[in-house]
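> the following block contains a protein sequence and its predicted model.
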Amino acid sequence: MASMRILIIEDDREAASYLVKAFREAGHVADHAADGEDGLAMAMDGPYDVLVVDRMLPKKDGLSVIGELRAAGKATPTPGWRMTRRRAPSSRNRSAPTGSRPRGSITTRAGLAP
């Protein structure tokens with residue numbers, strides 16, 4: 001499998017560290033941003049194959065990041081994986097306009113939920 005360049009936008013340092021480590025051990029290049037503003041800037045500047053975006057971030061929430069990338073034409077070919085610990089249907093329904101789909105919760109013990 002070819003190496004992918006992955007951007008993780010996550011403010012939980014433990015979860016971000018786990019993801020970076022897991023992706024790097026799998027042979028991918030993983031970058032990390034701890035807030036929505038930095039993540040948006042990094043995504044605008046770099047060609048990423050995958051974005052892993054937390055829903056609730058400081059400075060700019062994950063849905064806004066994805067929406068702004070799509071509006072700028074930067075994220076259309078990039079698959080997104082939006083992380084959330086929220087289980088309310090209203091949170092999931094708000095993701096539709098951005099083109100992202102919630103993929104479940106993430107914890108450092110469970111890894112990525114299907």
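Received the coordinates, thanks.

> tell me the mean pLDDT over the helix ranked longest in the chain?
Longest helix in the chain by number of residues (criterion: DSSP state H): helix 13-25. For helix 13-25, mean pLDDT is 95.

> okay, the angle between the helix or strand just after it and helix 13-25?
Counting by DSSP states H and E, the next helix or strand C-terminal to helix 13-25 is strand 29-33. Counting by axes from the mean of the first three to the mean of the last three C-alpha atoms, to 10 degrees, strand 29-33 lies at 160 degrees to helix 13-25.

> quick one: buried residues of strand 29-33?
30-33 (16 or more other C-beta atoms under 10 Å). Any C-beta I mention is one placed from the backbone N, CA and C, and that applies to glycine too.

> show me what that strand is packed up against.
strand 5-9, helix 13-25, helix 36-45 (3 or more C-beta pairs under 8 Å, 6 or more residues apart in numbering; DSSP states H and E).

> most tightly surrounded among the ones you listed?
Ranked by mean neighbour count under mean count of other C-beta atoms under 10 Å, those are led by strand 5-9, which reaches a mean of 22.
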